[in-house]
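In: build me a model from this:
(2 chains)
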There are 2 protein chains.
Amino acid sequence: MASITASYPWTTAPLIVGAPMRLISGPSLAYEISAAGGIGFLAAGTDVSTLSESLSTFKSLLYTSPIGGTSSDVLPVGVGFILWGADLDLATKALSELLEPPAAVWLFAPSSSEELGSWANGIRSATNNKTKIWVQVSCVADAIDAIKVAEPDVFVIQGADAGGHGRYASAGLISLVPELIDTVREYYGNLKEGDTSSLPPKFIAAGGIADERGVNAVLALGADGAALGTRFLAAEEAVIRKGYQDAVLKAADGGNSTVRTDVYDKLRGTIGWPEGYGGRGVINLSYRDAVKGLAFEENEKLYKVAEGAGDKGWEEGNARMTTYAGTAVGLVKKVAKAGDIVKELRGEAAVQRI
Amino acid sequence: MASITASYPWTTAPLIVGAPMRLISGPSLAYEISAAGGIGFLAAGTDVSTLSESLSTFKSLLYTSPIGGTSSDVLPVGVGFILWGADLDLATKALSELLEPPAAVWLFAPSSSEELGSWANGIRSATNNKTKIWVQVSCVADAIDAIKVAEPDVFVIQGADAGGHGRYASAGLISLVPELIDTVREYYGNLKEGDTSSLPPKFIAAGGIADERGVNAVLALGADGAALGTRFLAAEEAVIRKGYQDAVLKAADGGNSTVRTDVYDKLRGTIGWPEGYGGRGVINLSYRDAVKGLAFEENEKLYKVAEGAGDKGWEEGNARMTTYAGTAVGLVKKVAKAGDIVKELRGEAAVQRI
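Out: Predicted coordinates for the structure are as follows:
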């Protein structure tokens, strides 16, 4: 079975992936991750209107400093879509206009299996099958459903420790990765020969990984590579407020200091996540007040004041702003160039550990 | 720094530990795990009255079939105590009567730091420091507290995926193990020389591990060994109802099919767990009815009927009985001898994978 890096010829093993964090993962971050031999993902998220511009910026970075090993078929980058909120027609239009489409799309949070199928088919057709279909799942049942409608090329296995949105009902990577891989392989093994239109997919683990130890752990569990979000919040190239980034550097004891909740969705007015999803973020005054029973309108008023205060909205004593991060937040202690982070994750540089 | 197996000379690396599951981990299970080169733990749990008898039974097994590499100082076995419910005086009395005390005690769920300190001191004194003090923690803050009052020889790092009781606020092993180890090592490094009365402790990871892949993953994360509960529910030597064991073999997709809750504590009348603890078990009718809002008294009545039905109380359509298990339950597919399970976990035997 070919290694996953063979499908993305500019990459180096072990494969490191930069997750498409909505509003945060822009062209510079994605470019630097890919240039270091990983795969950077642009976050289209729920708003596809800026996708063409993001891809243009990525291309101009690429033409200025080419990445070795790339083919002329695809751009060495991926795009992440949050399916319940993104417009499939706009997305396929943006992708079909490109001579070189992105190497991969990362599909997350469909409102139904049918929607996932439409996206997979729509993108394969718009890109002449050049773009690989990655599907993020957080349980075994979703993975089997996804095979039926989308035949993913890659599963992103999202563990309960992941920052930002994910399912409440979920397991950590330690048990989820081996069980999901075994079950998917068994499923493919049981298909009658005529039905095996594609090879069994590859598996990227995400959620709770922040350093080389986490990467080596998921490889031991059977994954083909690791995707990281929280670690790249502290990349120089992340599109992130300094207050947010500082709060990430400061947070420790991630199981105690973060929580998966819908409090921040409500305070920000983000409506539409399918049932069963919440966002994991650093616990701050907004969450504590909600738990204490502060009336929503009052909490929302305080949130808007914090929003108007800029970086101070994350400062101690005043911290109310959404600070999505995973339980690995306590392992993130310094800002670094994304390319250096990728190399450290692969164990290529001396990693500073306390 | 000496390897952990040096302190338990009958053991083989990587160190495999059988967790002290209340009512389930008896002398036969503990003996077979230790005889295979691991460390078996007897579950004294909250009831210390049967401890002397359990240790006697263990000794008779040992005299019948000695375990190579043991010293005459300690028995090649550990004992687990649930501190909020167990009687320290009875425990130290039982241990001080032994010429060879157990090699380790595993202390869990104190109602206060002071209580943890009393247990550590009481047991060290009762056994002339022969018995090593293992302390189970599920966050970084608890680990630092434990150093101050108990100076553990070994930390059992319990991740959120663990079955049975643990903290609701917790992280998976993927992020918890590296952050906790880094912080404890930093803490010891910062102590003034005169204060380092003991070497930095060792670390055993627990929660979500069910096969060789999980063991290798926690070693990659920096742990010195792995402790398992759920996998040993399907050991031939476990003291477990067939209905319970069958339910474990059947459960799949552990993040979806298990939940951490206090529903089962209430239904069984287990009162006294400190705030913040719940038990992870397989979701069944008792839990579903509680979520649906069925009156407690009604749910309790149905529970007692199921209890009276023996193994049928776990059968589909009627399943109401407590079925504590971790998210790795989906990886447990066959009953085996505990010794064979230990060897498989170390990668010594061909592991049957689908």
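In: secondary structure element for the residue of the stretch 251-354 of chain A found nearest chain B?
Out: Nearest to chain B, among the residues of the stretch 251-354 of chain A, is A:G255, at 3.0 Å (CB to the nearest CB). No exception for glycine: its C-beta is placed from N, CA and C like everyone else's. Using DSSP states H and E, A:G255 maps to helix A:254-257.
In: so what does that helix touch, helix or strand wise?
Out: helix B:173-190 (3 or more CB pairs under 8 Å, 6 or more residues apart in numbering or on different chains; DSSP states H and E).
In: show me which positions of the helix it packs on end up buried.
Out: Going by neighbour count (16 or more other CB atoms under 10 Å in any protein chain shown), the buried part of helix B:173-190 is B:173-185, B:187.
In: if we can go back for a sec, which residues sit against the helix holding A:G255?
Out: A:161, A:251, A:282-283, A:325-331, B:138-141, B:160, B:167, B:169-171, B:175-176, B:179 (CB atoms under 8 Å, 6 or more residues apart in numbering or on different chains).
In: where exactly do the helices run in the stretch 201-350 of chain A?
Out: Along the stretch 201-350 of chain A, counting by DSSP state H, counting those that start in this stretch, helices occupy A:212-221, A:230-233, A:242-250, A:254-257, A:263-268, A:285-292, A:296-308, A:338-345.
In: contacting residues around A:V137?
Out: Per CB under 8 Å, 6+ apart, neighbours of A:V137: A:143, A:146, A:155-158, A:180.
In: which residue is nearest the middle of chain A?
Out: A:A19 (3.0 Å; CA atoms, centre = their mean).
In: which residue does chain A have closest to chain B?
Out: Counting by CB to the nearest CB, chain A gets nearest chain B through A:G172, at 2.6 Å.
In: got the contact list for the nearest residue to that residue once chain neighbours are set aside?
Out: Leaving aside its sequence neighbours, A:G172 sits nearest to B:G172 (CB to CB, 6 or more residues apart in numbering or on different chains; 2.6 Å). Going by CB under 8 Å, 6+ apart, B:G172 touches A:159-161, A:171-174, A:207-208, A:327, B:159-161, B:207-208.
In: gap between B:G172 and B:F155?
Out: 16 Å (CB to CB, to the nearest Å).
In: out of the contacts of B:G172, which is nearest to A:G243?
Out: Closest approach to A:G243 among the contacts of B:G172 (CB to CB): A:T327, at 21.0 Å.
In: flag every residue of the stretch 51-200 of chain A that's near chain B.
Out: A:138-141, A:159-161, A:167, A:169-179, A:182-183, A:185-186, A:189 (CB under 8 Å from any CB of the partner chain).
In: can I assume A:S34 is in contact with A:W10?
Out: Yes - the pair formed by A:S34 and A:W10 meets the contact definition of CB atoms under 8 Å, at 6.7 Å.
In: out of these two, which sits in the more crowded spot?
Out: Shown here are A:S34 and A:W10; by other CB atoms under 10 Å in any protein chain shown, A:S34 has more neighbours (30 against 19).
In: which element is the more buried one on?
Out: helix A:27-35.
In: can you give me the buried ones in the next helix or strand after that helix?
Out: Counting by DSSP H and E, the next helix or strand C-terminal to helix A:27-35 is strand A:39-45. Neighbour-count burial for strand A:39-45, counted by 16+ other CB under 10 Å, picks out A:39-45.
In: cool, and stretch A:71-84?
Out: A:74-84.
In: stretch A:92-107 too?
Out: Buried, per 16+ other CB under 10 Å, within stretch A:92-107: A:92, A:94-95, A:98, A:100-107.
In: end-to-end on stretch A:104-113?
Out: Taking CA to CA, to the nearest Å, stretch A:104-113 runs 20 Å from one end to the other.
In: residue boundaries of the strands in the stretch 101-250 of chain A?
Out: A:102-108, A:132-137, A:154-158, A:164-167, A:202-206, A:225-228 (DSSP state E, counting those that start in this stretch).
In: does any bit of stretch A:286-297 sit next to chain B?
Out: No - contact of stretch A:286-297 with chain B is not found when judged by CB under 8 Å from any CB; the minimum separation is 12.1 Å.
In: residues in contact with that stretch: which ones?
Out: Contacts for stretch A:286-297 (CB under 8 Å, 6+ apart): A:259, A:261, A:263-264, A:266-267, A:281, A:298-299, A:302-303, A:306, A:320-322.
In: for A:L42, see how far away A:S72 is.
Out: Applying CB to CB to A:S72 and A:L42 gives a distance of 20 Å.
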